[in-house]
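>>> Would you be able to build a 3D model of this:
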Amino acid sequence: MKTFDLLIPGEINPDLILSGDVEPQFGQAEKLVESAALAIGSSSVIAACGAARLGLKVAFIGICGDDLFGRFMLEEMRKCGIDTSAVIVDPHRSTGLTVILNKGHDRAMLTYPGTIPALRAEDISDDLLRQARHLHVASYFLQDGLRPGLPRLFERARALGLTISLDTNWDPTGTWEGVLDLLPLVNVFLPNEAEAKALTGAENVEEAASRLQVRVETAAIKLGQDGALGVSHGQRVRVPSIPVRVVDTVGAGDTFDAGFLYGYLNDWPLEKSLRLAAVCGALSTRAAGGTAAQPTLPEALSFL
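Take a look at the predicted model:
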């Protein structure tokens, strides 16, 4: 028996979310916004919280500073039920921060990296890997220290019997370097539509899915309010989303990942896993921040 269903090596940083009329005006102009909130940030942590909320046993390894933002994140992660015993607290570094300018259906982000790129693959021991069933990696292009060692980390994880998922998020450079070479080591790839098309060079999501299908065991592509498209072992399934009143889309894709991985780890069929993922992603948009509206499993299942 494994101690954890899911091990996530990732970045640790909170989000400062400003909502309303958030487009700044320079020239020392001051504007008032509708709300401000300090919330759990980091794609990796939001996915971890979503998975724990659904009932999976989740462990997290990352690096944060011994400062206000680091302590906030660790406390909130523990409240979500995440095991943080492997987290490295470095008193000589500062925890990162993302300021989110939220307009409801769209947003802009300003990030101070801090410890975000500090974690290395070498920090993740075989002993820790042996405790988990599955390894999930997000924020591929932000985790500069982790990225070079991922091929070897994935090989170690596979040798120890773990399955692996990857959500790269967007590549700021537009080159998508290294991802296609990494996909053969991945069981589940979790891009959104724009990422899938950019990575594969496809003109539409159907073509992108076809190109991914020959490279990875399973791909679950997020389509926002249009649901999701999945390909796996020759299957191709498209599912709708559910109507919700959108307050904030921050973290919706990460909560989608949590839903899909719950189904995957419980050997659900592709369509059922996609439906749960789409429901979880949609429900998470009902409140500000990435975790405040993440559903429990009974709540999500009621929409299936």
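
>>> Can you get me a residue count around L160?
14 (other C-beta atoms under 10 Å). C-beta coordinates here come from the backbone N, C-alpha and C atoms, glycine included.

>>> Show the backbone phi and psi for the residue lying closest to it once chain neighbours are set aside.
Distances taken as C-beta to C-beta, 6 or more residues apart in numbering place L129 nearest to L160, at 5.1 Å, with adjacent residues excluded. Backbone torsions for L129, taken as degrees, to the nearest 10, come to phi -60, psi -40.

>>> mind listing what L129 touches?
7, 135, 156-157, 160, 162 (C-beta atoms under 8 Å, 6 or more residues apart in numbering).

>>> give me that answer again for 7 Å
With contact taken as C-beta atoms under 7 Å, 6 or more residues apart in numbering, L129 is in contact with 7, 156-157, 160, 162.

>>> T285 contacts V244, correct?
Yes - under the criterion of C-beta atoms under 7 Å, T285 lies in contact with V244, with a separation of 5.9 Å.

>>> More neighbours: which of these two?
Set T285 next to V244 and count neighbours by other C-beta under 10 Å: T285 wins out with 24 against 16.

>>> Confirm Y262 sits in a strand?
No - inclusion of Y262 in a strand is not indicated when DSSP: H, G, I helix; E, B strand; the rest coil is applied; the result is helix.

>>> The lowest-mean-pLDDT helix or strand in the chain pairs with which strands, and in what direction?
Taking mean pLDDT, DSSP states H and E as the measure, strand 107-112 is the helix or strand of the chain with the lowest mean score, a mean of 88. When pairs are called by DSSP bridges, strand 107-112 turns out to pair with strand 97-102 (antiparallel).

>>> hmm, who's touching the strand it pairs with?
For strand 97-102, the surrounding residues in contact (C-beta under 7 Å, 6+ apart) are 13-19, 22, 41, 69, 107-112, 114, 248, 250.

>>> I'd like to know which of these are buried.
Neighbour-count burial within those applies to 13-19, 22, 41, 69, 107, 111, 114, 248, 250; the criterion is 16 or more other C-beta atoms under 10 Å.

>>> Tell me which of these fall in helices.
Taking DSSP state H, the ones among those that sit in helices are F69.

>>> so how far is L7 from the nearest residue to V246 once chain neighbours are set aside?
Closest residue to V246 apart from its sequence neighbours, by C-beta to C-beta, 6+ apart: T285 at 4.6 Å. Look at T285 and L7: by C-beta to C-beta, to the nearest Å, they are 27 Å apart.

>>> coming back round to it: from the contacts of L129, which two are the most distant?
Across the contacts of L129, the longest distance by C-beta to C-beta is 12.0 Å; it joins L7 and R156.

>>> what about the two, which has more around it?
Set side by side, L7 and R156 show unequal neighbour counts under other C-beta under 10 Å, the larger going to L7 at 28 against 17.

>>> for the more buried one, what are its contacts?
L7 touches 59, 128-129, 132, 135, counting by C-beta under 7 Å, 6+ apart.

>>> Next up, phi/psi of G227, please.
phi 100, psi -130.
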